[in-house]
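Participant: structure for the following, please:
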Amino acid sequence: MKRLVIFASGSGSNFKAIYNNIKDQKIENAKIELLVSNNSNSGSVSFAKNNSINTFIVNQKTHPNRSAYIKSLNDRLLSCKPHLIILAGYMKLIPKEVVEAFKNKIINIHPGKLPEFGGKGFYGMNVHNAVISSQVNSTAVTIHYVNEEYDKGLTIHEEPIEVYKNDTAESLSKRVLSYEHKLYSKIINQIINKVENE
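Facilitator: Okay, here's the model as predicted:
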């Protein structure tokens, strides 16, 4: 059984899609061991609790000291022995010490093309507003490995999505999200089921 750890900050729609796709066998041979969140009041935390998934809240309130924050997070992750760590709408930068400890085991999904529509501040509706403003013909859902900079890790998969002439940031956002929910699980399944059993 492949052990997954999810990081999420908000409503957790990608987290929920992953959970449901595991149940539906679209992600095979997998279990979500832990949800990590910086926001104890988020929809993702409520969903985890309602579905008996362990949660770990880590933020500046719980861990004001940076080295204690990193040690606590690394220790908790190591105890899970994750095959893959999945960012699903996590709004904080992963510390470089954590990235190094789990090299090539942390992935993220981004609702735009990289590097054009990525980097600090480019998340959620900010990305879609920028895409509409730039008047490009296409956007993308990008899945990439995580390094110590926002949206700079190696791209695993880029799925192009047409931008329609009458699109608004809101209509584009909904369409992109529907792609995310299917695509992320497909790529997760490919990654974990190529990995040799430990």
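
Participant: state the distance from Ile27 to Glu162.
Facilitator: Remark: distance between Ile27 and Glu162 (CB to CB, to the nearest Å) = 27 Å. All C-beta atoms are positioned from the backbone trio N, CA, C, and that covers glycine.

Participant: for this structure, which helix is longest?
Facilitator: Secondary structure assigned by DSSP state H gives helix 169-192 as the longest helix of the chain.

Participant: buried stuff in it?
Facilitator: Neighbour counts over helix 169-192 (16 or more other CB atoms under 10 Å) mark 169, 172-173, 175-177, 179-181, 183-185, 187-189, 191-192 as buried.

Participant: ditto for stretch 100-110
Facilitator: Within stretch 100-110, the residues scored as buried using 16+ other CB under 10 Å are Phe102, Lys105, Ile106, Ile107, Asn108, Ile109, His110.

Participant: what does that stretch contact?
Facilitator: Around stretch 100-110, the neighbours that count as contacts under CB atoms under 8 Å, 6 or more residues apart in numbering are 14, 74, 77-78, 82-88, 90, 94, 98-99, 117-118, 122, 127, 141-146, 151, 153, 156, 180, 183-184, 187-188, 191.

Participant: can you give me the first-to-last residue distance of it?
Facilitator: With CA to CA, to the nearest Å as the measure, stretch 100-110 spans 21 Å from end to end.

Participant: again, but for stretch 155-171
Facilitator: First-to-last residue span, stretch 155-171, CA to CA: 25 Å.

Participant: how about that stretch: buried residues?
Facilitator: By neighbour count on 16+ other CB under 10 Å, the buried set for stretch 155-171 is His157, Glu159, Ile161, Val163, Asp167, Ala169.

Participant: just checking, Lys96 touches Val146?
Facilitator: No - contact criterion CB atoms under 8 Å: Lys96 and Val146 do not qualify, at 10.4 Å.

Participant: what ranges do the strands span in this structure?
Facilitator: Assignment of strands within the chain using DSSP state E yields the ranges 2-7, 30-37, 54-57, 84-87, 106-110, 138-145, 155-162.

Participant: tilt between the last one and helix 169-192?
Facilitator: Okay, so that is strand 155-162. 150 degrees (axes from the mean of the first three to the mean of the last three CA atoms, to 10 degrees).

Participant: swap in the fifth one?
Facilitator: Comparing the axes of strand 106-110 and helix 169-192 via the same axes, to 10 degrees yields an angle of 160 degrees.

Participant: how far is strand 106-110 from where the chain is centred?
Facilitator: Its chain's average C-alpha position is 5 Å from that of strand 106-110, according to CA atoms, centre = their mean, to the nearest Å.

Participant: so for it, mean pLDDT?
Facilitator: For strand 106-110, mean pLDDT is 97.

Participant: who's more crowded, Lys96 and Val146?
Facilitator: Val146 (26 against 12; other CB atoms under 10 Å).

Participant: just checking, that one touches Gly153?
Facilitator: Yes - between Val146 and Gly153 there is a contact under CB under 8 Å: 5.0 Å.

Participant: so what's the residue count around the closest residue to Lys81 other than its chain neighbours?
Facilitator: In this structure, Lys81 finds its nearest non-sequential neighbour in Arg3, 6.0 Å apart by CB to CB, 6 or more residues apart in numbering. Arg3 has 17 neighbouring residues, counting by other CB under 10 Å.
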